[in-house]
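J.: the following block contains a protein sequence and its predicted model.
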Amino acid sequence: MNDSEISKPAHFIRTIIIEDRASGRFERRVHTRFPPEPNGYLHIGHAKSICLNFGLAREFGGRCNLRFDDTNPTKEAVEYVESIKEDVRWLGFDWDDRLYYASDYFERIYQCAVRLIEQGQAYVCDLSADQIREYRGTLTEPGRESPYRERSVADNLDLFQRMRAGEFPDGSRVLRAKIDMASPNLNLRDPVMYRILHAAHHRTGTAWRIYPMYDFTHGLCDSFEGITHSICTLEFEDHRPLYDWFLDQLELYHPLQIEFARLNLTYTVMSKRKLLRLVEKGLARSWDDPRMPTISGLRRRGYTPESIRNFCDRIGVAKSNATVDIALLEYSIREDLNRKAPRVMGVLNPLRVVIEDYPDDRVEWLEAVNNPEDPAAGTRQVPFSRVLYIEQDDFMEQPPKKFYRLAPGREVRLRYAYYITCREVVKDPATGAVIEVRCTHDPQTRGGSSADGRKVKATLHWVSAVHAVPAEIRLYGHLFSAADAGDATSDEQFEAALNPESLQVIPQALLEPGLAAAQPGQTFQFERLGYFCVDPDASDGHLVFNRTVTLRDAWAKIQKTGNAS
RNA sequence: UGGGGUGUCGCCAAGUGGUAAGGCACGGGUCUUUGGCACCCGCAUACGGAGGUUCGAAUCCUCCCACCCCAGCCA
């Protein structure tokens, strides 16, 4: 991390850690962990947790483990663990040699279960899933005790061992903690600790036929690893008493669990289940579709790790359910790319411009600044010639009052080139559409400034027709049409809320020639348009750019509010 | 109706009894060879509501209201 990171604001978890260190709690250690389940790709919400856990450890000279919560083999896969490792690393964090898997502890967890059975605090229950649900009671009524609750320790031990041996079919029995079927906290009504699953695990293969539940596993793993501050999301607040109960009965070390609110963003969705659905139904091309809020999607879109870290610092950490305006994310990437991205010129929707008084056979290479924010970025040469292309949006035959780009009779500047004046408009006789603009140039304004100090109100980007390189450009909009669409509960509502214009492809934009050699992952600012990066789909003969984000656009705002005229 | 949480500007978010930080968004302006960037100014007499304690309350007390989470052999 460097000086350009924004300053870290105070938040309640940092405050707790500072107090713990002041009081000498945990021998002043700070040891956190990021515990994803490898059942999908990481998204920007996970980035918040990653920045929090790894960031706090780094800040206080502590450690942060990467631990996969892989207790459900039916949903997990190595593809996911690989992507998660890549994403965490890409975000700029390192777990050194502390890569763990809950599955590494399966034997140890099993022994903990055996001990609880021996202590008379766990039992094998033969009730079906439906029956367990019935016996659990409701939010307002206490549950009833399972008829198998008072099995002998010997019977429980035998049955549990045979569950492990694979003697029983899936769903036929579970191991349950014997706590309190009347507890107002449903998590304490004899929760399931182990279930039978004859499924191959991505790491342990077929070694196990029983798998521990998350609630039994997670707290144990944190304890085994000596985690000091176990940071998780709000929905686990109710589970804390259960984790404490397990640890107390087993006389194990207690981490301190602290809950914070997960991130929500407008115009997108942060549920792994819903993201998986988008991928499976082909509504998104893949997990790394640039429209997805996944880390891999953002990366492909052109977001930088630093911009995401800055975003996470800016949104804060608190306990109230919050939905952050996606404009803040966009602000964070603009801020970062403004400093870093080389500027280039490219025309998305070309309008042919002929400079009538410029020789047909002449080419001038003009100097252009690579990045006005960074003098060290230097300059480059761009070719100018008689036939050019400018943006269709930069010309209007009948301009409204506040439009000060090119129009009949009007003079504007071509960036780094010349002042040109529109002399004539050529239209398609069939459609009446403007297909060409005829202009003259002022030779005294070479480079883009005039000796007489004459001002022009607009500066346009442009590209020389014969030199331009074609490129496919993919423009992205929000995933959903409405800010809160991700909340949709039914799949139908959810899909209907998708923004049909989230992807717009421009098959052949025209770019300045230097871009011909651009490589996947490289980011540029297309002047006056936005930030773009080369997509991995690009090949030797075919450039493909993703628009990361547009530039702020004051003219668009004027048009939108209807104040143009 | 049980339990656990949360309510401070359009969106986040500081604040922990002493008289409402900051960011984004938004509005106005300066500058400008990007209608970008940068810079300047503005933007909560007010902290879910009602009472109360206090010289003094967003901060303490009481009651009320709203929203979120929990009835997976998911995590």
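T.: Received the coordinates, thanks. Numbers count the residues shown, from 1 in each chain, chains lettered A, B, ... in the order given.

J.: what does the helix or strand where A:Lys85 lies contact?
T.: Element membership for A:Lys85 (DSSP states H and E) is helix A:78-90. Outside of helix A:78-90, the residues within contact range by C-beta atoms under 8 Å, 6 or more residues apart in numbering are A:34, A:36, A:38-42, A:46, A:50, A:54, A:66, A:68, A:70, A:95, A:99, A:202, A:287, A:295-296, A:299, A:305. (Glycine included, C-beta is placed from N, CA and C.)

J.: what do you get if the cut-off is 7 Å, keeping everything else the same?
T.: Here helix A:78-90 makes contact (C-beta atoms under 7 Å, 6 or more residues apart in numbering) with A:34, A:36, A:38-42, A:50, A:66, A:68, A:202, A:295-296, A:299, A:305.

J.: closest point of the stretch 451-565 of chain A to RNA strand B, which residue?
T.: With C-beta to the nearest atom of the strand, the shortest gap between the stretch 451-565 of chain A and RNA strand B falls at A:Ala554, namely 2.6 Å.

J.: could you check how far that residue is from A:Lys560?
T.: Distance, A:Ala554 to A:Lys560, using C-beta to C-beta, to the nearest Å: 11 Å.

J.: how many other residues sit next to A:Glu356?
T.: A total of 12 residues lie near A:Glu356 under the criterion other C-beta atoms under 10 Å.

J.: got the contact list for it?
T.: Taking C-beta under 7 Å, 6+ apart as the contact definition, A:Glu356 lies against A:Arg423, A:Arg438, A:Cys439, A:Thr440.

J.: dump the residues you listed to JSON lines, plus neighbour count.
T.: Conversion of the contacts of A:Glu356 to JSON lines gives the following (neighbours: other C-beta atoms under 10 Å):
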{"residue": "A:Arg423", "neighbour count": "15"}
{"residue": "A:Arg438", "neighbour count": "14"}
{"residue": "A:Cys439", "neighbour count": "24"}
{"residue": "A:Thr440", "neighbour count": "18"}
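
J.: in those residues, find the pair that's most separated.
T.: Greatest spacing in these, by C-beta to C-beta: A:Arg438 and A:Thr440 (8.2 Å).

J.: quick check: which element contains the residue of the stretch 401-550 of chain A found nearest RNA strand B?
T.: The stretch 401-550 of chain A approaches RNA strand B most closely through A:Gly448 (2.1 Å), counting by C-beta to the nearest atom of the strand. Using DSSP H and E, no element contains A:Gly448; it sits outside every helix and strand.

J.: tally of neighbours for it?
T.: By other C-beta under 10 Å, 17 other residues sit near A:Gly448.

J.: I figured it was touching A:His441, is that so?
T.: No: counting by C-beta atoms under 7 Å, A:Gly448 stays clear of A:His441, with 11.3 Å between them.

J.: helices along the stretch 151-300 of chain A, start to end?
T.: Assigned by DSSP state H, counting those that start in this stretch, the stretch 151-300 of chain A shows helices spanning A:153-164, A:214-224, A:240-249, A:272-280, A:295-301.

J.: need the least confident one among these, by mean pLDDT.
T.: Per-stretch averages of pLDDT across the helices of the stretch 151-300 of chain A put helix A:272-280 at the bottom, with a mean of 94.

J.: how far off centre is it?
T.: When C-alpha coordinates are averaged (C-alpha atoms, centre = their mean, to the nearest Å), helix A:272-280 and its chain have centres 14 Å apart.

J.: residues in contact with it?
T.: With C-beta under 7 Å, 6+ apart as the contact definition, helix A:272-280 has outside contacts at A:Asn39, A:Gly40, A:His43, A:Val269, A:Ala284, A:Ser286, A:Trp287, A:Met292, A:Thr294, A:Phe494.

J.: let me know the closest of the residues you listed to RNA strand B.
T.: Within the set of those, A:Asn39 lies nearest RNA strand B; the separation is 7.0 Å, counting by C-beta to the nearest atom of the strand.

J.: OK, contacts around that closest one?
T.: When contacts are counted by C-beta under 7 Å, 6+ apart, A:Asn39 is found next to A:Lys75, A:Glu76, A:Tyr80, A:Lys272.

J.: ok, which of these also contact RNA strand B?
T.: Contacts with RNA strand B within those, as defined by C-beta under 7 Å from any atom of the strand: A:Lys75.

J.: of the contacts of A:Asn39, which is the nearest to RNA strand B?
T.: When these are compared for distance to RNA strand B, the smallest value, 5.7 Å, is given by A:Lys75; criterion: C-beta to the nearest atom of the strand.

J.: quick check: closest non-adjacent residue to the closest one.
T.: Counting by C-beta to C-beta, 6 or more residues apart in numbering, the nearest residue to A:Lys75 once its immediate chain neighbours are dropped is A:Asn39, at 4.2 Å.

J.: could you check which helix or strand contains the one you found?
T.: Using DSSP H and E, no element contains A:Asn39; it sits outside every helix and strand.

J.: per-residue pLDDT, A:Glu424?
T.: We have a pLDDT of 98 for A:Glu424.

J.: likewise for A:Asp487?
T.: Note on A:Asp487: pLDDT of 83.

J.: burial measure for it, as a count.
T.: Neighbours of A:Asp487 under the rule other C-beta under 10 Å: 15.

J.: before we move on, what about A:Glu495?
T.: The burial metric for A:Glu495, expressed as a neighbour count using other C-beta under 10 Å, is 15.

J.: OK, contacts around it?
T.: With contacts defined as C-beta under 7 Å, 6+ apart, A:Glu495 is in contact with A:Leu283.

J.: give me the number of residues near A:Glu27?
T.: 7.

J.: any idea how far it is from A:Arg21?
T.: The spacing between A:Glu27 and A:Arg21, counted by C-beta to C-beta, is 10 Å.

J.: now swap in A:Glu527 and tell me
T.: 49 Å.

J.: how far off centre is the lowest-mean-pLDDT helix or strand in chain A?
T.: Evaluated with mean pLDDT, DSSP states H and E, the helix-and-strand set of chain A has its lowest mean pLDDT in helix A:491-496, which scores a mean of 88. Using C-alpha atoms, centre = their mean, we find the averaged C-alpha position of helix A:491-496 to lie 22 Å away from the chain's own average C-alpha position.
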